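*Asks:* quick check, what structure comes out for this input:
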Amino acid sequence: MKKKICLIYTGGTIGMVHSEKGYVPSGEGFLKLLRGLPEFSHPDFPDYETIVFSPLLDSSDMAVTDWNKLGRTIASRYAACDGFVVLHGTDTMAYSASALSFMLENLEKPVIFTGSQIPLYELRSDGRDNLISAMLLAASDKVHEVCIYFGGQLLRGNRSTKLSADGMRAFISPNFPALVNSGINFQFTRVPTRPSPEGAFRLQLFENIPLGVIKVFPGIRFELFENIMTESLKGVVLESFGAGNIPGAQTALLPILQKAHDHGTIIVVRSQCPEGKVNLGSYAASSALKEISAVDGGDMTTEAALAKLYYLFSKGLSSSEIKWLMELNLRGERS
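*Replies:* As a prediction, the model looks like this:
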């Protein structure tokens, strides 16, 4: 029996058409393009249904409400479909894939994000292979999590980050191997699988929690950030140097972070380096963060750390529970 895949078009380059103002997303144009692809009528191709978001979004406009809409859409078709392919713009695809990896609790079906750097209707579009391969992988029985397929690789969604604005291999997974490398056949790698679900599928919607991201750089004037360190700020992802290092005590950083800590703000530290992990306390330059109970972000991406904070806060957990869970591996997001 053929698998049935739910194909969800949220917007992005893959379905765009040319207009007087440049490329614009078009639901009608995208459906026309699909009907013209011979692969979609091939006898070995899975059955599918299409859902087109309205309005269609440039991925730079994606917000928490859109993640919730996408989560609700998948949940509404979860029982009826064997897998899901989400067509999405590349700019925030890694954020959305990370968010859905937490939002979709006890997921046992594939949810594969993909898109393209060149619109599907263009002659040299990379969208054709990305779309067809994502559909076939979603019907393969071998994928049971949220992933990104792009440029010949299937990556764990919450391990991915965008690498290139114009290259065909737009995404990398710096600290976790690709799940699939695409050649003549799909080559599934022997990577550790996620823990088996412990209950029925459940959708955890996200609340629009006040969160922030601060990137440390030489000469940064941290006093400029002091006004945002209020009681309303629930969490901050701090992108540090190296293994968790920050500028020394001569800067305004430590008093500001102490102020945030006193207000109950959870500070998650991750490295600016794409590869490797944070190890708070391994250098004196990171010991101050350990003293104010900052969370060691390990090898999580910024996208995954931010999505995980949204998820844990939305579950109504206490500050101590959130800090504890941030340092645990919940969805394969950290080693």
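
*Asks:* which residue is the nearest non-sequential neighbour of residue 59?
*Replies:* residue 89 (2.6 Å; CB to CB, 6 or more residues apart in numbering). For the C-beta atoms, the positions are set from N, CA and C on the backbone; glycine is no exception.

*Asks:* element containing residue 85, please.
*Replies:* strand 83-87 (DSSP states H and E).

*Asks:* sheet-wise, list the partners of that strand with their directions.
*Replies:* strand 4-9 (parallel), strand 111-114 (parallel) (DSSP bridges).

*Asks:* adding distance to residue 62 and mean neighbour count, write these out as a markdown table.
*Replies:* Below are the strands paired with strand 83-87 laid out as a markdown table (distance: least, CB to CB, whole Å; neighbours: other CB atoms under 10 Å):
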| stretch | distance to residue 62 | mean neighbour count |
| --- | --- | --- |
| strand 4-9 | 13 | 22 |
| strand 111-114 | 12 | 28 |
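
*Asks:* now render those as a markdown table, adding mean pLDDT and distance to residue 165.
*Replies:* Formatted as a markdown table, the strands paired with strand 83-87 follow (pLDDT from 0 to 100; distance: least, CB to CB, whole Å):
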| stretch | mean pLDDT | distance to residue 165 |
| --- | --- | --- |
| strand 4-9 | 97 | 22 |
| strand 111-114 | 98 | 17 |
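
*Asks:* tell me where the stretch 101-250 of the chain has helices.
*Replies:* Taking DSSP state H, counting those that start in this stretch to define them, one finds helices in the stretch 101-250 of the chain at 127-138.

*Asks:* low pLDDT regions in the chain?
*Replies:* The model of the chain has pLDDT under 70 over residues 21-22, 190-195, 222, 224, 226-230, 244, 248-252, 281-288.

*Asks:* tell me how it divides into domains.
*Replies:* As assigned by automatic domain parsing, the chain contains the domains 4-203, 211-326.

*Asks:* for the strands paired with strand 83-87, give me JSON lines that also has distance to residue 72.
*Replies:* Shown next, in JSON lines, are these (distance: least, CB to CB, whole Å):
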{"stretch": "strand 4-9", "distance to residue 72": "11"}
{"stretch": "strand 111-114", "distance to residue 72": "13"}
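
*Asks:* returning to what we had before: reformat the domains of the chain as a markdown table; add distance to residue 335.
*Replies:* Listed next are the domains of the chain as a markdown table, based on distance: least, CB to CB, whole Å:
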| stretch | distance to residue 335 |
| --- | --- |
| domain 4-203 | 7 |
| domain 211-326 | 5 |
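
*Asks:* for residue 332, which of those is the nearest?
*Replies:* Ranking the domains of the chain by their distance to residue 332 (criterion: CB to CB) puts domain 4-203 first, at 4.8 Å.

*Asks:* gap between the closest one and the chain center?
*Replies:* Relative to the chain's own centre, domain 4-203 is displaced by 11 Å; criterion: CA atoms, centre = their mean, to the nearest Å.

*Asks:* quick one, strands of the stretch 1-150 of the chain?
*Replies:* Assigned strands in the stretch 1-150 of the chain, in chain order: 4-9, 16-19, 22-25, 47-52, 83-87, 104-105, 111-114, 146-150 (criterion: DSSP state E, counting those that start in this stretch).

*Asks:* now those in TSV, with distance to residue 265?
*Replies:* Converted to TSV, the strands of the stretch 1-150 of the chain look like this (distance: least, CB to CB, whole Å):
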stretch	distance to residue 265
strand 4-9	35
strand 16-19	39
strand 22-25	37
strand 47-52	38
strand 83-87	32
strand 104-105	26
strand 111-114	30
strand 146-150	28
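
*Asks:* let me know which of these is tucked in deepest.
*Replies:* Most buried of the strands of the stretch 1-150 of the chain, by mean neighbour count (mean count of other CB atoms under 10 Å): strand 146-150, with a mean of 30.
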